[in-house]
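1. take a look and give me a structure for this.
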Amino acid sequence: MAFVTNVNSNVIAYCDAADIKDKDQRVFESNEINFADAPSTPTTLDEYLEDLSIKAFARINEKIRASAKWRSYLGYTNNTALTGNTIPPINADRIVARQSDVTDLATYYVLKEYLLPKVADFGDDLNSEVQKISYYSSKFEDLFNELLDMMDWYDAEGDGLDADDKMVSFRTNRRTRSKRNITRVR
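-> Model (predicted):
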């Protein structure tokens, strides 16, 4: 479950073929996946899955960049001036915590967007692949929103994850007699 890196040690994908196969092995046992829309002609299924994970990596990064929570996080960390379309992209090399969650996120994305639609029968709502697409889509959205809500996994300055990088803090509400914790976004 480590991130896939290139020769320069830069992250190029959040998951690899083994992560995708481990998440839903039955898709590969019961269906034959074709390589028709692969960017380059792969020779093996693993190579095809790694191409899809690189594609999912780029798509997830753009989805994070387009979110309002990413913009507010960058404003919180005072990394850069945010004006118009100058929202800096996420630097995957600075994801230092919760890497297994990000790997799961990428795996869900590959399954719901690229693999399961190839074998699903969308004419039948009870088709198991159609139900799996819905399942993985909801798992992806839940985990994606959780990661963006917490923002405790990204090192904004590149100097190690510290309290200044975490946007969420927990405190006890002192104005009421309640004993529950309240999440406060700074």
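2. any idea how far the nearest residue to D124 once chain neighbours are set aside lies from Y73?
-> Using Cβ to Cβ, 6 or more residues apart in numbering and skipping the chain neighbours, the partner closest in space to D124 is V130 (7.0 Å). Bear in mind the C-beta positions are built from the backbone N, C-alpha and C, glycine included. Going from V130 to Y73 by Cβ to Cβ, to the nearest Å gives 35 Å.
3. same thing with I90?
-> Distance, I90 to Y73, by Cβ to Cβ: 10 Å.
4. look at the two and report which has more neighbours.
-> For I90 versus Y73, the count of surrounding residues by other Cβ atoms under 10 Å is larger for Y73: 20 against 17.
5. that one: helix or strand, and which one exactly?
-> For Y73, the host element (DSSP states H and E) is helix 68-77.
6. can you name the next helix or strand after that helix?
-> helix 99-110.
7. got the buried residues for that next one?
-> Buried residues in helix 99-110, counted by 16 or more other Cβ atoms under 10 Å: 101-110.
8. now do the shared contacts for I90 and Y73.
-> Jointly contacting I90 and Y73 under the rule Cβ atoms under 8 Å, 6 or more residues apart in numbering are Y154.
9. now flag whichever of the buried residues of helix 99-110 is closest to D125.
-> Y108 (20.9 Å; Cβ to Cβ).
10. hmm, the closest one is touching F140, no?
-> Yes - here Y108 reaches F140: they are 4.0 Å apart, a contact under Cβ atoms under 8 Å.
11. and the helix or strand that contains Q131, what other elements does it pack with?
-> In this structure, Q131 sits in helix 128-150 according to DSSP H and E. Contacts defined by 3 or more Cβ pairs under 8 Å, 6 or more residues apart in numbering; DSSP states H and E place helix 128-150 against helix 45-66, helix 68-77, helix 99-110, helix 116-119.
12. try it again with 6 Å
-> helix 99-110, helix 116-119 (3 or more Cβ pairs under 6 Å, 6 or more residues apart in numbering; DSSP states H and E).
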